[in-house]
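3D model of this:
(6 chains)
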6 protein chains.
Amino acid sequence: MIDSNKKTALVVSAHSADFVWRAGGAIALHVGQGYDVHVVCLSFGERGESAKLWRKGEMTEEKVKAARREEAQAAAEILGATVEFFDIGDYPMRADKETLFRLADVFRRVQPEFVLSHSLKDPYNYDHPLATHLAQEARIIAQAEGYKPGEKIVGAPPVYCFEPHQPEQCEWRPDVLLDITDVWDKKYAAIQCMAGQEHLWEYYTRVALQRGVQAKRNVGITSSKNIIYGEGYQSIFPRVTENLG
Amino acid sequence: MIDSNKKTALVVSAHSADFVWRAGGAIALHVGQGYDVHVVCLSFGERGESAKLWRKGEMTEEKVKAARREEAQAAAEILGATVEFFDIGDYPMRADKETLFRLADVFRRVQPEFVLSHSLKDPYNYDHPLATHLAQEARIIAQAEGYKPGEKIVGAPPVYCFEPHQPEQCEWRPDVLLDITDVWDKKYAAIQCMAGQEHLWEYYTRVALQRGVQAKRNVGITSSKNIIYGEGYQSIFPRVTENLG
Amino acid sequence: MIDSNKKTALVVSAHSADFVWRAGGAIALHVGQGYDVHVVCLSFGERGESAKLWRKGEMTEEKVKAARREEAQAAAEILGATVEFFDIGDYPMRADKETLFRLADVFRRVQPEFVLSHSLKDPYNYDHPLATHLAQEARIIAQAEGYKPGEKIVGAPPVYCFEPHQPEQCEWRPDVLLDITDVWDKKYAAIQCMAGQEHLWEYYTRVALQRGVQAKRNVGITSSKNIIYGEGYQSIFPRVTENLG
Amino acid sequence: MIDSNKKTALVVSAHSADFVWRAGGAIALHVGQGYDVHVVCLSFGERGESAKLWRKGEMTEEKVKAARREEAQAAAEILGATVEFFDIGDYPMRADKETLFRLADVFRRVQPEFVLSHSLKDPYNYDHPLATHLAQEARIIAQAEGYKPGEKIVGAPPVYCFEPHQPEQCEWRPDVLLDITDVWDKKYAAIQCMAGQEHLWEYYTRVALQRGVQAKRNVGITSSKNIIYGEGYQSIFPRVTENLG
Amino acid sequence: MIDSNKKTALVVSAHSADFVWRAGGAIALHVGQGYDVHVVCLSFGERGESAKLWRKGEMTEEKVKAARREEAQAAAEILGATVEFFDIGDYPMRADKETLFRLADVFRRVQPEFVLSHSLKDPYNYDHPLATHLAQEARIIAQAEGYKPGEKIVGAPPVYCFEPHQPEQCEWRPDVLLDITDVWDKKYAAIQCMAGQEHLWEYYTRVALQRGVQAKRNVGITSSKNIIYGEGYQSIFPRVTENLG
Amino acid sequence: MIDSNKKTALVVSAHSADFVWRAGGAIALHVGQGYDVHVVCLSFGERGESAKLWRKGEMTEEKVKAARREEAQAAAEILGATVEFFDIGDYPMRADKETLFRLADVFRRVQPEFVLSHSLKDPYNYDHPLATHLAQEARIIAQAEGYKPGEKIVGAPPVYCFEPHQPEQCEWRPDVLLDITDVWDKKYAAIQCMAGQEHLWEYYTRVALQRGVQAKRNVGITSSKNIIYGEGYQSIFPRVTENLG
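Prediction:
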């Protein structure tokens, strides 16, 4: 699935729609730059984020999962990413060692240049920080020579936390503003795949517009860059660079 | 002094040696990349950072300042930067509106791509955070259309805090590690200009080596980059970018 | 047990006495205002908070539990609350999915207007933050349409952390000071049920007096309110209101 | 100006438009509830927040101030508040003891039930935290019996920080979400008085919509409250209350 | 005043009573251990902390100051400390360079082994953090060879913040608990000199009892130490030691 | 193994080499002062910290463990400590109740005066904070009368976090600087036992030199103490003392 000559990125999404609202721009942007982007959805959000489906009546967990899978696949396709589903359940999400190793193996296979996942805290949603914790620990294991010795270990890909629903309550603070203006149409098309969560379409459009204004402001109003839509990210690790400009 | 076709950077240094220990690598590196780098030394550190000179005896503040100016100019020359001295005094440093406007005017003249100054806190040295505060406020004024209307305002250059003497006590946390391996010889030559502070030469060599190891570790041991010396920086503002790799 | 026409509140207490020291005033106060208040004691504190009983000799875990249950029931009765015991053990406390769902079911049954539990951190007592974590996650699950679909989900009741034994060491900071002057006699009577922990009676009386003075001070000395006893709480979620006065 | 039989509130605004973007909803809402709301504009924002006016050409500081005063008065009128201008200058703002006492006297005269001002930090704008600092210190002086002895001192009105332009970068975290749905039309009409800052009209409309969604979410989706627009506030002091519901 | 053969300590108190409530135990304890302890009262607290005196009527600032001076001197005598008054005014407190140098000269004269002052933040009282800021900057200047060259500079005495009135609101967190059981009678006698602030006598007795219980708890209940009264302190600088027991 | 007439200390090390890099100086120093120091290595670091061994080829987990055990034993012997291995595995480390009780039993047996373990956070290594968490919870259980009633409980030994590899990224901040100058030769000899991690020898020599310079600086340059090597520690609990000098 992963072409070894191409740069790659990995997105770890607690529920099947998170990667769209929170990182759809980054995905489409890097796909456009030639990256292979792979998404792992740990669950379908079948219990906690499918209220509209459940209210339809005549529902079962299997039906909800199937509907959510379809939406996520459609969205991933629009964004240009591959997607796989771990189906470990939500509300509550729990991850045993098996799941951890399964994700570590994805890290080894994908060899990502960078990793996207949730914020470190979220008092509204305990699955989100668990997903990040899992992604971080899997990354550490995938770096260890002693885990499945002989396999190619991963480097030290930067990890970015994408934006939670209520940023200040999650103690999330963006130190990166990504200009997604050129791929906004793709992100909004992917967002529209989430039929069950229509109330969030406009919410996340406004988030993108606010982050766009802020990105513009942090570039400086004298800049020629015309930024309209943005996504915010918080880095876990220091950035290594040779230029501060 | 500033060539309008070249990229530029501005360093605001509380005392005349700070820019060498803390940002000498960044200066030499960007000069090597074609930047014009300009340093403002707010004081000579004549009272607080010239112990060795004072202990010689037969000293006056003027003699100390002259010696410190010479050292700083020699160091700046080695690094390839221009330097100017505000001579506003140290221990304690105080800045009135005049000084603020003078620095805002430097911002307008230099039009920096980025700015380097001290950490936001330092319980061992109150001049340091004052310098950063001054640099930040001068930057804000230089951005205002209503300050000396008609002049070219500045954009929104990122501001980086360089490393204080005891990082954890200053609540300073690097989110950027700059690879200064290629210019270390220049930085060390500049450091040796500081005859009055020999005890710090090896201290800051070790700082550079530790940050180098950390940079290497954050790139990943599989990387082909051979990083030996580094400098750490803490960003004040979010970075605007189109790539997370 | 819960009268659906009355307002309700839920208290999640790690050990069987915590709800008395830390929230006895809030319980009595709201009972007086017509609320049904329900307390869940996750354990009896049989191992970690029953030193005096163990020192009597001839003790077994069952005897300790029975004594502690009796004390807690007597205290709850004085305060006017109902109480149930999960008996999941203490020192260490551990909660599996069963326990989580059991507590989520309590949330669904009680439909609380607000929730009280422990501080988010406590380096002296790891059971306390675990109780809060459990309460928070149970609340989230009880809100999910996909958990036991068809049942009445809960709204978004505010969660307040009550005061730990050493507030500053627990990074606990009260943003609510509750005036419990009118019900202090009830709280003190309930406190006296805790025969095994006499050394704490005066400690928590002083806590109440200090919080009372602080409440008085934050109302303003010109206020006509005569506050003598208080309890401090830290909110997890923002308060939604139509008045700031 | 202040009717002693009515409840009152005080807003301390660094520049002449801040109170509109950041607290217009709270002002209109409380005016509607019978409060007298008084606004102090410390400056007109003539240098730093009047870019559009300056770009017109043929401008002087006096002309800019006059235009800004007019806008602010029109906005205050729509919101139902009184407004006064201290005209102490901006970019940089500086406040001497005179200004401090002048503001303390306003506190004494207004006897506010609550106070609104800026966030405690703002790396983009140093006038903002200075305004809050001034408001806080003036409040403390107005409480002191020894300041102009014999005058009626003020109580302990709560102080709320309204929302800065880039909340996370200012370490601002709302713990109060105010439902301003019923007065949104007034706030938007007031916003439209700010002819020089049209780019911010939609920005702050989106802020209000996001805070509205969040308020709705924190009340709980089962609530019958129909919240569409909100304003966020951060409390400085603990709230004293007799009810946690 | 300072005997050069004895160990010394310096207390910097914003108002004339602060050193009694907050550090009276430490003063008496170290005097008992043979230290010379010197107290600098920056102001008499004549405006902000003398409400009872002002309410008597027929008062002037001079009368209030005289009364407060007498109380402070009586308290210092009981505790065994010397005291001097800078009389720089309160509410608001402001310190110019003269005051800073005056305090630096006290540091040089006293050559303290340790320094006590206020918390770093206090939203209820802006004079308090200003006093600490001043003490810290004076200490730094007194360490500088270039300030009054030839004088004996000071070493690096640890600085401890004593307990503010509402610790959690001031972000103050004790990392030292001082056992003052043996000198409590002296502290309480000194407290009783503060005739104008009787409401605080019992408040600070309870503070001492709570810190005593906490100290006892942090020593361990198996310890033979019988601690009843305590004072809490927060360190600014790391402690240098050769033993961790 | 533990002589009941001697003072004791306990070190909880996630991997078999951590205690050497991070606490070797403290161990040798206290052994020299007559303490019995006992080290628990939770794992051998066989997967995550044995890269060099794995790269040799022909390796198995058992061989790696044996080599690591030997190194750790040799190092402990040089430092004068006893060591035991829990062998619970690394990358990821997981601890069940058994392990917790096993460690609590070590606390009971050793009755330590103080405890050393890892930092509370480490985004590069999830085993490290888990070890500290385990040590803290074991300490709490060992204090409980109800755990194995009749056994001698432990007091309240202070817990210190030793220095992680990248201190600022781990939010670790030393509040204790230990002078290890006199035992540096022992620490460096122990370090040299770690044949598989030679790249770290010089790294931790530089750490010791930097902490030494900082210790010297915090004692004051006028002190007669000649500190060259140091180790930094962060306290979890407040220190109880009768002297602040």
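
For the rest of this, base every contact and every neighbour count on C-alpha atoms.
OK.

Check the secondary structure at residue A:172 for me.
The three-state assignment at residue A:172 reads coil, by DSSP: H, G, I helix; E, B strand; the rest coil.

Would you mind measuring from the closest residue to it other than its chain neighbours to chain E?
Leaving out its chain neighbours, the residue that sits closest to residue A:172 by C-alpha to C-alpha, 6 or more residues apart in numbering or on different chains is residue A:119, at 6.3 Å. When distances are taken as C-alpha to the nearest C-alpha, to the nearest Å, residue A:119 and chain E turn out to be 25 Å apart.

what does residue A:97 give?
Summarising the geometry, the distance separating residue A:97 from chain E, computed by C-alpha to the nearest C-alpha, is 37 Å.

quick one, phi/psi of that residue?
phi -60, psi -40 (degrees, to the nearest 10).

so the residue nearest to residue A:172 makes contact with residue A:168?
No - contact criterion C-alpha atoms under 8 Å: residue A:119 and residue A:168 do not qualify, at 10.9 Å.

more crowded one of the two?
A direct count of neighbours by other C-alpha atoms under 10 Å in any protein chain shown for residue A:119 and residue A:168 places residue A:119 higher, at 27 against 17.

Spit out the contact partners of the more buried one.
A:128, A:129, A:132, A:161, A:162, A:163, A:164, A:170, A:172, A:234 (C-alpha atoms under 8 Å, 6 or more residues apart in numbering or on different chains).

any chance of those residues in TSV, with neighbour count and secondary structure too?
Below are the contacts of residue A:119 laid out as TSV (neighbours: other C-alpha atoms under 10 Å in any protein chain shown; DSSP: H, G, I helix; E, B strand; the rest coil):
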residue	neighbour count	secondary structure
A:128	24	helix
A:129	20	helix
A:132	23	helix
A:161	24	strand
A:162	28	strand
A:163	23	coil
A:164	24	coil
A:170	19	helix
A:172	23	coil
A:234	22	strand
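
which helix is the longest one in chain A?
When chain A is scanned for its longest helix (criterion: DSSP state H), the result is helix A:199-219.

From the rest of the structure, what touches that one?
When contacts are taken as C-alpha under 8 Å, 6+ apart, the neighbours of helix A:199-219 outside the stretch itself are A:21, A:177-179, A:181, A:188, A:191-192, A:225-232, B:155-158, B:237-240, D:166, D:203, D:206, D:210.

any idea which helix or strand carries residue A:9?
Remark: residue A:9 resides in strand A:8-13, with elements defined by DSSP states H and E.

Run the chain-centre distance for the longest helix of chain A.
Taking the mean of its C-alpha atoms, helix A:199-219 sits 17 Å from the chain's own mean (C-alpha atoms, centre = their mean, to the nearest Å).

now stretch A:11-25
Once both centres are worked out by C-alpha atoms, centre = their mean, stretch A:11-25 turns out to sit 4 Å from its chain's centre.

can you tell me if the helix or strand of chain A with the lowest mean pLDDT touches chain C.
When each helix and strand of chain A is scored by mean pLDDT, DSSP states H and E, helix A:51-55 comes last, with a mean of 92. Yes - counting by C-alpha under 8 Å from any C-alpha of the partner chain, chain C has neighbours in helix A:51-55: A:51, A:54, A:55.

would you turn those residues into CSV with neighbour count and distance to residue B:63?
Rendered in CSV, the data for the residues of helix A:51-55 next to chain C read as follows (neighbours: other C-alpha atoms under 10 Å in any protein chain shown; distance: C-alpha to C-alpha, whole Å):
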residue, neighbour count, distance to residue B:63
A:51, 19, 77
A:54, 23, 82
A:55, 13, 83
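
From these, pick the one nearest residue A:108.
residue A:51 (35.5 Å; C-alpha to C-alpha).

which residue packs closest to the closest one, ignoring adjacent ones?
Spatially, and ignoring its direct neighbours in sequence, residue A:51 is nearest to residue C:145 (5.3 Å; C-alpha to C-alpha, 6+ apart).

Ramachandran angles for that neighbour?
Here is the backbone geometry of residue C:145 (degrees, to the nearest 10): phi -60, psi -30.

next one: residue A:177
Backbone dihedrals for residue A:177, given as degrees, to the nearest 10, come out at phi -120, psi 120.

count of neighbours near the residue in chain A that chain F sits nearest to?
Closest to chain F within chain A is residue A:146: 3.7 Å, counting by C-alpha to the nearest C-alpha. Taking other C-alpha under 10 Å as the criterion, the count of residues near residue A:146 is 28.

Also residue A:156?
Residue A:156 sits with 25 neighbouring residues when counted by other C-alpha under 10 Å.

ok, now residue A:35?
23.

List the contacts of it.
Contact analysis of residue A:35 by C-alpha under 8 Å, 6+ apart lists A:6, A:7, A:8, A:9.

Just the pLDDT at it, thanks.
pLDDT for residue A:35: 98.

next one: the one 5 residues further on
Each residue has a pLDDT score; the one for residue A:40 is 98.

so how many other residues sit close to it?
Residues near residue A:40, counting by other C-alpha under 10 Å: 23.

Enumerate every residue touching it.
The contact partners of residue A:40, by C-alpha under 8 Å, 6+ apart, come to A:10, A:11, A:12, A:13, A:83, A:84, A:85, A:86.

Sort out which residues of stretch A:178-194 are buried, please.
Using 16 or more other C-alpha atoms under 10 Å in any protein chain shown as the burial criterion, the residues of stretch A:178-194 that qualify are A:178-181, A:183-184, A:186-194.

Next, see if that stretch gets close to chain D.
No - legend: contact between stretch A:178-194 and chain D by C-alpha under 8 Å from any C-alpha is lacking; minimum distance shown is 15.5 Å.

who in chain A is up against chain C?
Near chain C, the residues belonging to chain A are A:46-51, A:54-55, A:61, A:91-92, A:123-126, A:169 when assessed by C-alpha under 8 Å from any C-alpha.

Mark which of those residues are buried, thanks.
Neighbour-count burial (16+ other C-alpha under 10 Å) applied to those gives A:46-51, A:54, A:91-92, A:123-126, A:169.

can you tell me the average pLDDT over stretch A:126-138?
Per-residue pLDDT over stretch A:126-138 has a mean of 98.

neighbouring contacts of it?
Around stretch A:126-138, the neighbours that count as contacts under C-alpha under 8 Å, 6+ apart are A:12-14, A:42, A:90-95, A:100-101, A:103-104, A:107, A:117-122, A:159, A:161, C:137, F:92, F:123, F:125-126.
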